[in-house]
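Participant: got a predicted structure plus its sequence, pasted below:
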Amino acid sequence: MILDNPALALNIDVQSLVETIDRTLKERNWKHYETVDFKLVYSPFYLFNYDVLIEQKEQNQTFSQGTAGLMAINAISGKLEPYLVQIMDSQPVKYEKNTRDDLNPQVDKPAITMQELPETCKIKMAGQFSVGKDSLAVSGFRLVYWPIWRVFVSLPEGIQKMEVEGVNGYTLNIGEVPEREKGWMEVTADTFEKMKTPKGLMELTKGAGKFAAGAMVQTATKAPTHSKGIIDWLLHTTPGRFTVLFVVILIIVAAYVGR
């Protein structure tokens with residue numbers, strides 16, 4: 001397929017995509033998941049130049065400061081995308097018009113027309129700089145396609161969409177991916193793994209100390225006073241488990257220092 005406008009060259013292949021999804025989900029503590037579907041999408045963005053005049057009044061005097069730059073706006077949603085500009089500024093970028101037909105890519109069409117574009121960009125940039133539209137000038141509009149992988153994975157909580165941009169492999173909507181709370185056994189295993197190195201031991205000591213302050217408050221206000229209730233609280237509540245873990249860390253640290 002030949003695109004009607006240039007696209008940033010695709011650098012992330014299927015294998016790299018799989019590795020990115022796996023790494024991202026593990027960072028969110030998801031070990032078990034299933035990839036339901038994935039698709040390469042060429043998403044349209046407009047690049048444009050902007051000039052903005054910022055005025056400030058101090059002691060009855062007006063000071064003006066001008067700034068200019070490059071910005072990208074999603075041609076469908078109208079959302080500004082500074083990360084796309086960051087990619088183009090931080091590394092050599094290649095463009096291509098021929099897509100890989102073996103990947104069966106989808107090409108999205110712009111929803112914002114060229115006629116609507118100047119006013120839309122002014123409104124968005126005015127909000128970005130907190131100035132009036134009359135303080136802005138926009139020009140040099142051109143359409144580019146950004147290759148983005150849309151991936152759907154099955155988690156215990158349901159189907160989750162993930163979007164991985166195809167140039168650097170960055171997960172664009174990482175904030176939408178839920179983070180799974182680790183279980184007691186996982187926390188314990190991770191803790192003992194960190195204890196194998198002095199650096200990890202120091203990190204745990206600092207982290208446990210900060211958590212202990214909050215845990216002690218909860219202990220004083222919520223923990224039961226009778227012995228059976230205390231044991232149940234220590235073993236079956238998150239504050240109680242971390243309190244036990246903190247005590248264990250202190251014992252091990254004391255033994256390590258006393259050697």
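Facilitator: Alright, I've got the coordinates. Numbers count the residues shown, from 1 in each chain.

Participant: and the helix or strand where residue 87 lies, what's buried?
Facilitator: According to DSSP states H and E, residue 87 maps onto helix 82-90. Neighbour-count burial for helix 82-90, counted by 16 or more other Cβ atoms under 10 Å, picks out 84, 85, 87, 88. Placement of C-beta: from N, CA and C, glycine included.

Participant: ok, the residues you listed vs residue 139, which is closest?
Facilitator: residue 85 (15.5 Å; Cβ to Cβ).

Participant: by mean pLDDT, point me to the weakest helix or strand of the protein.
Facilitator: In the chain, no helix or strand scores lower on mean pLDDT, DSSP states H and E than helix 198-222, which sits at a mean of 55.

Participant: so residue 120 sits in a strand?
Facilitator: No - counting by DSSP: H, G, I helix; E, B strand; the rest coil, residue 120 is not part of a strand but helix.

Participant: how much space between it and residue 103?
Facilitator: 31 Å (Cβ to Cβ, to the nearest Å).

Participant: likewise residue 93?
Facilitator: 20 Å.

Participant: sorry, back to before: looking at the buried residues of helix 82-90, which is nearest residue 137?
Facilitator: For the buried residues of helix 82-90, the nearest to residue 137 is residue 85 (17.6 Å; Cβ to Cβ).

Participant: which stretches of the stretch 1-150 of the chain form strands?
Facilitator: Ranges of strands within the stretch 1-150 of the chain are 2-8, 34-58, 61-74, 95-98, 106-107, 136-155, based on DSSP state E, counting those that start in this stretch.

Participant: turn the ones you listed into JSON lines, columns for distance to residue 169.
Facilitator: JSON lines is the format used below for these (distance: least, Cβ to Cβ, whole Å):
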{"stretch": "strand 2-8", "distance to residue 169": "13"}
{"stretch": "strand 34-58", "distance to residue 169": "13"}
{"stretch": "strand 61-74", "distance to residue 169": "18"}
{"stretch": "strand 95-98", "distance to residue 169": "17"}
{"stretch": "strand 106-107", "distance to residue 169": "19"}
{"stretch": "strand 136-155", "distance to residue 169": "9"}
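
Participant: rank these by pLDDT, which is bottom?
Facilitator: Sorting those by mean pLDDT places strand 61-74 lowest, at a mean of 85.

Participant: list the buried residues for it?
Facilitator: Neighbour count says strand 61-74 has 71, 72, 73, 74 buried, by 16+ other Cβ under 10 Å.

Participant: doesn't residue 41 make contact with residue 150?
Facilitator: Yes - Residue 150 is within contact range of residue 41, at 5.4 Å (criterion: Cβ atoms under 8 Å).

Participant: related to what we said a few turns ago, tell me which of the strands of the stretch 1-150 of the chain sits most buried.
Facilitator: Across those, averaging neighbours per residue (mean count of other Cβ atoms under 10 Å) puts strand 136-155 on top, at a mean of 18.

Participant: so what does that one touch, helix or strand wise?
Facilitator: Here strand 136-155 touches strand 2-8, helix 14-27, strand 34-58, helix 117-129, strand 158-165, going by 3 or more Cβ pairs under 8 Å, 6 or more residues apart in numbering; DSSP states H and E.
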